[in-house]
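1. Provide a 3D model corresponding to the input given below.
(one chain, ligands or ions: 1)
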Amino acid sequence: MTLPAWPKASQAIGCTLLAMGLGALGLAAWRAGHPPLPAEYATLRAVMGRLAQHNSLGQNPIGFSINNGSYAASLAQMRGFCKEENCDFYAQLDPYKNYSKDWDEISRQSYTLGDVEGWSTANGSIEIPRAAFRIYGRRSGWLACTVAHEIAHIQRHHLFTASYYANNTIRSASAPKQEQLNYVKSRQQELEADRDAAVIMARAGYGGRICLDALIFAHKSSGDGSATEPKSTHPGYDDRIKAITKFYAHLEKHPPAKTSGTLGQFHYSPADNLLSFTPSQN
Ligand SMILES: [Zn+2]
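-> Okay, the predicted model is just below:
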């Protein structure tokens, strides 16, 4: 018996639709597990992957969050949203999120007018403003220097050691002396992070005096020609450039020994606005 043609065609279409449906379901499930990575996070993942491949970074996860940056805090203050000391909330807003309020305009203006900078927390999170990626452009090596500098702060527990120094080591000094010494300590830690960054970058195969170039670029980009003052948290331009130049001269004569890399996995969560690098357990 010959079957009419239409059921076959219908079956074929049904199968095709089923396959397409399964395909779409599979794609949706895959996307849920692998949400699309914004271009800036993709750059960050590539940079961190290279640094980790050639450096021993320990067992603790390192988190990356791209935020609005400190210009957003100034904008929020101008807008009357906060008093000067309480505006960090706006610096840390998620630039990829639509808040459906004035905060979105703060994000937009921060992206246009913000600059290169980076922060780290004691617990291993690194924050970089979205504007930095626009300004660094294709020069991801300079971004890598910023990341390496923040990794150095984390690995050396600089926030803890500064707190310990302030609360224990210099406890018996007079209050003005303590204040002065805390600023000196902060500037020493910045130079230490600069030196570590140069080593981390050299191990990862970035040639030349790339972190010197990155520092000059960052100061010019943000219009920062500061001098070292008693209350400077960071050394001024001349002192910082002089110190890293001297260290590169040393590094070129004594290249760092190779170390084993850090195997690990990346996970991106748009809801948390966080890219996590989790080292594998040995
Ligand atoms: Zn620093």
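2. hey, let's count contacts and neighbours off CA atoms from now on
-> Will do.
3. where exactly do the strands run in the stretch 51-200 of the chain?
-> 62-67, 119-120, 125-129 (DSSP state E, counting those that start in this stretch).
4. all helices of the stretch 1-150 of the chain, in order?
-> Taking DSSP state H, counting those that start in this stretch as the criterion, the stretch 1-150 of the chain carries its helices at 5-33, 39-54, 70-78, 88-91, 103-113, 130-136, 140-155.
5. among these, where is the model least confident on average?
-> Comparing the helices of the stretch 1-150 of the chain by mean pLDDT, the weakest confidence falls on helix 5-33, with a mean of 52.
6. export the strands of the stretch 51-200 of the chain as TSV, with columns for mean pLDDT and distance to Ala202.
-> Putting these into TSV (pLDDT from 0 to 100; distance: least, C-alpha to C-alpha, whole Å) gives the following:
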stretch	mean pLDDT	distance to Ala202
strand 62-67	98	20
strand 119-120	96	21
strand 125-129	98	21
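7. closest one to Asp194 among these?
-> strand 119-120 (13.6 Å; C-alpha to C-alpha).
8. show me the contact partners of the closest one.
-> 126-128, 150-151, 153-154 (C-alpha atoms under 8 Å, 6 or more residues apart in numbering).
9. stretch 199-213: end-to-end distance?
-> Here the two ends of stretch 199-213 are set 15 Å apart, with distance taken as C-alpha to C-alpha, to the nearest Å.
10. show residues contacting it.
-> Counting by C-alpha under 8 Å, 6+ apart, residues outside stretch 199-213 touching it are 50-51, 53-55, 141-142, 144-145, 148, 194, 197-198, 241, 244-245, 248, 251, 255-259.
11. do stretch 99-118 as well
-> Taking contacts as C-alpha under 8 Å, 6+ apart, the residues outside stretch 99-118 that touch it are 68-72, 75-76, 90, 93-95, 98, 126-133, 135-136, 146-147, 150, 218, 221-222.
12. closest one of the contacts of strand 119-120 to Pro176?
-> The closest of those to Pro176 turns out to be His153 (C-alpha to C-alpha; 25.9 Å).
13. quick check: the gap between the closest one and Gln189.
-> Look at His153 and Gln189: by C-alpha to C-alpha, they are 8 Å apart.
14. same deal with Ile135?
-> Taking C-alpha to C-alpha as the measure, Ile135 and Gln189 are separated by 26 Å.
15. okay, these two: which has more neighbours?
-> Gln189 (22 against 17; other C-alpha atoms under 10 Å).
16. list the contacts for that one?
-> For Gln189, the residues meeting the contact criterion (C-alpha under 8 Å, 6+ apart) are 153, 158.
17. go on, the one 5 residues further on?
-> With contact set as C-alpha under 8 Å, 6+ apart, Asp194 has these partners: 149, 211, 244.
18. follow the chain on from the helix or strand that contains the second one and name the next helix or strand.
-> By that I understand Cys211. Assignment of secondary structure by DSSP states H and E places Cys211 within helix 210-221. Reading on from helix 210-221 to the C-terminus, the next helix or strand found by DSSP H and E is helix 237-253.
19. mean confidence for that next one?
-> The average pLDDT for helix 237-253 rounds to 98.
20. same question, stretch 189-200
-> Taken as a whole, stretch 189-200 carries a mean pLDDT of 98.
21. buried sites along that stretch?
-> Residues of stretch 189-200 classed as buried under the neighbour-count rule (16 or more other C-alpha atoms under 10 Å) are 189-200.
22. same question for stretch 143-160.
-> Taking 16+ other C-alpha under 10 Å as the neighbour-count basis, stretch 143-160 is seen to contain the buried residues 143-155, 158-159.
23. what does stretch 232-240 give?
-> Burial within stretch 232-240, assessed by neighbour count using 16+ other C-alpha under 10 Å, is assigned to 233-237, 240.
24. got these as TSV, with distance to Lys177 columns?
-> Compiled in TSV, the buried residues of stretch 232-240 are given as follows (distance: C-alpha to C-alpha, whole Å):
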residue	distance to Lys177
Thr233	15
His234	18
Pro235	19
Gly236	21
Tyr237	24
Arg240	23
